[in-house]
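1. starting from these lines, generate the structure:
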Amino acid sequence: MISLFLALLLAITPAYGQSYDATVLRVIDGDTIEVRIGGQIETVRYIGVNTPEIQHPTKGREPYGEEAKQENRRLVESRQVRLELDIQPRDKYGRLLAYVYRDGQMVNGLLVQQGYAETSTYPPNVRHQHEFLALQADAFQARIGLWGDPEAVQHYKPRGSGVIGRKGVRVYLHPHDPTVQQIGSDDLVYFENEQKAKAAGFIPSMHFSTFQTQERSALRGDRAATISILNVIRPSSSSTPGGPPLKFGSSSSRPSSGGDVNVRGYQRRDGATVQPYTRSAPKR
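-> As a prediction, the model looks like this:
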């Protein structure tokens, strides 16, 4: 069962830095909220997941978008939450990118598990991508939430990950490739997609297509593909201890009470400061 692999992933904690205690003021849609951190108001976009749009300038209203918004509202509206950052703290619209915890449970993961959200991974914020894939595979197989809605399923288009370039050799790798963990941060560059990597003069790695095919199958609910991905995870990429899936534990970081939210660059575990580009959903 995939859940057994998830249990193994929750064994080691990488300490990734900042976290903030916040009050949710407004739920914008299924994956975006407005919060108060101390005396500062911030728009927060959930990392690693995407919910159907409710009012997109070109896509309009997507199936199951309103249901996702209402579930997000039920989970966090007017609640105290903790925002945990990954490597890239803000998107190009200035929104904070965060894993949102309510009562010790990660809301990002809950939305995927309950079928209100799909996984949507863009490097370098990939800390929980494997857990999200496993949760989505379970929800897809059980036809939970949007996966049980024929219109939503017909409308669904799997969102592949961005890619990670190795500057020294002008090659790009898939985020699931364990080789990435062996490369120094100074040699890494992040691209929104393959097309942008190729435009910058990079070529795919020898194993890129294998990992890409595997990811596409996993995004379609293929358990065998998901398990294959989980099997190559290094302990250093696992998430925080805390027992069953969705709690994902808590960070060892000290939460901030607010008033000092000024996150622009960020530091990897090896201490190097990085400011890569991170794709996000269109601004609401």
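2. next up, the contacts around Q141.
-> For Q141, the contacting residues are G221, R223, by Cβ atoms under 8 Å, 6 or more residues apart in numbering. Quick note: C-beta positions are derived from backbone N, CA and C, even for glycine.
3. pretty sure it belongs to a strand, no?
-> No: Q141 is assigned helix when assessed by DSSP: H, G, I helix; E, B strand; the rest coil, not a strand.
4. mind checking pLDDT for it?
-> Per-residue pLDDT puts Q141 at 86.
5. next: L230.
-> So L230 comes in at 73 (pLDDT).
6. that one contacts H130, doesn't it?
-> Yes: applying Cβ atoms under 8 Å, one finds L230 in contact with H130, separated by 5.8 Å.
7. higher neighbour count, these two?
-> Remark: of L230 and H130, H130 carries more neighbours, 25 against 21, as counted by other Cβ atoms under 10 Å.
8. poorly predicted segments of the stretch 1-150 of the chain, please.
-> 1-17, 55-60 (pLDDT under 70).
9. contacting residues around the residue nearest the centre of the chain?
-> Centroid-nearest residue in the chain: G48, 1.4 Å away (criterion: Cα atoms, centre = their mean). By Cβ under 8 Å, 6+ apart, the residues touching G48 are Y99, N108, T119, S120, T121, N125, V126, R127, H128, Q129, F132.
10. repeat that for 10 Å
-> 31, 86, 97, 99, 106, 108-109, 112, 117, 119-122, 125-129, 131-133 (Cβ atoms under 10 Å, 6 or more residues apart in numbering).
11. quick check: phi and psi on L97?
-> With angles defined as degrees, to the nearest 10, L97 sits at phi -110, psi 120.
12. before we move on, back to that, can I get the buried ones among the contacts of G48 as something I can paste into ChimeraX?
-> To isolate the buried ones among these in ChimeraX, judged by 16 or more other Cβ atoms under 10 Å, type:
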select :31,86,97,99,106,108,109,112,117,119,120,121,122,125,126,127,128,129,131,132,133
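13. filter the contacts of G48 down to the ones in strands?
-> Using DSSP state E, L97, Y99, M106, T119 are the members of these that sit in strands.
14. turn those residues into CSV, including distance to F140.
-> Formatted as CSV, the ones in strands among the contacts of G48 follow (distance: Cβ to Cβ, whole Å):
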residue, distance to F140
L97, 25
Y99, 22
M106, 19
T119, 10
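15. and which of these is nearest P175?
-> Ranked by distance to P175 (Cβ to Cβ), these are led by T119 at 11.7 Å.
16. report the beta-bridge partners for the closest one.
-> V49 (DSSP bridges).
17. identify the residues contacting it.
-> 48-50, 108, 112, 128-137, 158-159, 161, 215, 218-219.
18. picking that back up, now the residue nearest to the centre of the chain: how far from F132?
-> 5 Å (Cβ to Cβ, to the nearest Å).
19. same deal with T213?
-> From T213 to F132 the distance is 19 Å (Cβ to Cβ).
20. again with V44
-> V44 is 17 Å from F132, by Cβ to Cβ.
21. with N125 instead?
-> Counting by Cβ to Cβ, the gap from N125 to F132 is 11 Å.
22. do a quick rundown of the helices in the chain.
-> 2-9, 65-76, 107-113, 129-142, 150-155, 194-199, 208-219, 223-231 (DSSP state H).
23. quick one: which of these is nearest R82?
-> Of these, nearest to R82 by Cβ to Cβ is helix 107-113, at 10.3 Å.
24. centre of the chain to that closest one, how far?
-> Its chain's C-alpha centre and that of helix 107-113 lie 10 Å apart, by Cα atoms, centre = their mean, to the nearest Å.
25. that one packs against which elements?
-> strand 40-46, strand 49-50, helix 65-76, strand 96-102, strand 118-119, helix 129-142 (3 or more Cβ pairs under 10 Å, 6 or more residues apart in numbering; DSSP states H and E).
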